[in-house]
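A.B. asks: Build me a model from this:
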Amino acid sequence: MFRIVTIEREFGSGGGTIAAELADQLGWKLWDHALTEEIARIANVDCSTVRRCEERVDSRFHRLTKAFWRGSFERSIPLDSAQMFDTDCMVEMMQQIMNAIARTGNAVVVGRGSPYFLRDRVDTFRVFTYAPREEKIRRLCESSLGRAEAEEAVDTVDRERMAYVKHYFDADWPTRSLYHLMVNTAIGDENVLATIRNTMKLLEPLSETQSPQLRGVL
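C.D. replies: A predicted model of the protein is given here:
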């Protein structure tokens, strides 16, 4: 039986909104902003500090500075939590948090590498949402962004996600064989939600016996 749903998404495809509605329909806990808050709580940093690290690789300058600090006498100088926190720290915490989420179950998790952290669990249903460029821009403009800002975000954010997945999981983004379902959200959120729930019901009898390497991609 599926106890967890992960929703990875192209930026602007509406994956977060769809995940929230799915969690509401299932009566499950949504781990989206709550995941950011949990990492911030454990790391003792602000949520804004966590958001700067989510689904992106630390800059080359940061990594060089970190390597220098670790190898110099200056490492004895105390740093506050925000200075110490980076994507490497976040990924380590994410693995622990994902394990805790998996033990509890009844969760819908949005992005942040969740399908990769939970890739070996047969009780996890993995979804990838995508959409045509114009559809993504339309959704972002309807939310709050101006046209130019939406276009720039659509063209840049997913490149950061690609780099994040390549660096931390040595995988391409999206890894198509990882997902049970890849769905174009241009068909409308209600149809996407119905497709997710119907596919979960269809594949649920197989979830207890299916090998992690066997994926049904629709």
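
A.B. asks: Could you find the closest non-adjacent residue to Tyr168?
C.D. replies: Nearest residue to Tyr168 in three dimensions, chain neighbours excluded: Val91, at 5.5 Å (C-beta to C-beta, 6 or more residues apart in numbering). Using the backbone N, CA and C atoms, a C-beta is placed for each residue, glycine as well.

A.B. asks: partners of Leu181 in the sheet?
C.D. replies: Val127 (DSSP bridges).

A.B. asks: quick one: it and Asn198 touch, right?
C.D. replies: No: applying C-beta atoms under 8 Å, one finds Leu181 not in contact with Asn198, separated by 9.8 Å.

A.B. asks: Show me which helix runs longest in this protein.
C.D. replies: helix 147-169 (DSSP state H).

A.B. asks: list the buried ones in that one?
C.D. replies: Neighbour counts over helix 147-169 (16 or more other C-beta atoms under 10 Å) mark 150-151, 153-154, 158, 161-162, 164-165, 168-169 as buried.

A.B. asks: Which residue ranges of this protein form strands?
C.D. replies: 4-9, 29-31, 107-110, 124-130, 181-184 (DSSP state E).

A.B. asks: In a markdown table: the ones you listed, plus mean pLDDT.
C.D. replies: Below are these laid out as a markdown table (pLDDT from 0 to 100):
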| stretch | mean pLDDT |
| --- | --- |
| strand 4-9 | 98 |
| strand 29-31 | 97 |
| strand 107-110 | 97 |
| strand 124-130 | 98 |
| strand 181-184 | 98 |
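
A.B. asks: ok, back up a step: now the residue nearest to Tyr168: how far from Ile39?
C.D. replies: Val91 sits 10 Å away from Ile39, going by C-beta to C-beta, to the nearest Å.

A.B. asks: for Arg138, same thing?
C.D. replies: In this view, Arg138 and Ile39 are 31 Å apart by C-beta to C-beta.

A.B. asks: before we move on, what about Val108?
C.D. replies: 17 Å.

A.B. asks: Next: Arg161.
C.D. replies: Arg161 is 17 Å from Ile39, by C-beta to C-beta.

A.B. asks: And for Glu149?
C.D. replies: From Glu149 to Ile39 the distance is 26 Å (C-beta to C-beta).

A.B. asks: Which residue lies nearest the spatial centre of the chain?
C.D. replies: Gly111 (1.1 Å; C-alpha atoms, centre = their mean).

A.B. asks: Can you check what pLDDT the model gives it?
C.D. replies: Per-residue pLDDT puts Gly111 at 93.

A.B. asks: Now the phi/psi pair for it, please.
C.D. replies: phi 50, psi -150 (degrees, to the nearest 10).

A.B. asks: What of Glu55?
C.D. replies: phi 60, psi 40.

A.B. asks: Tell me which residues touch it, please.
C.D. replies: 111-113, 160-161, 164 (C-beta atoms under 8 Å, 6 or more residues apart in numbering).

A.B. asks: export these to CSV and tack on distance to Ala100?
C.D. replies: Listed next are these as CSV, based on distance: C-beta to C-beta, whole Å:
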residue, distance to Ala100
Gly111, 18
Arg112, 14
Gly113, 15
Glu160, 26
Arg161, 24
Tyr164, 22
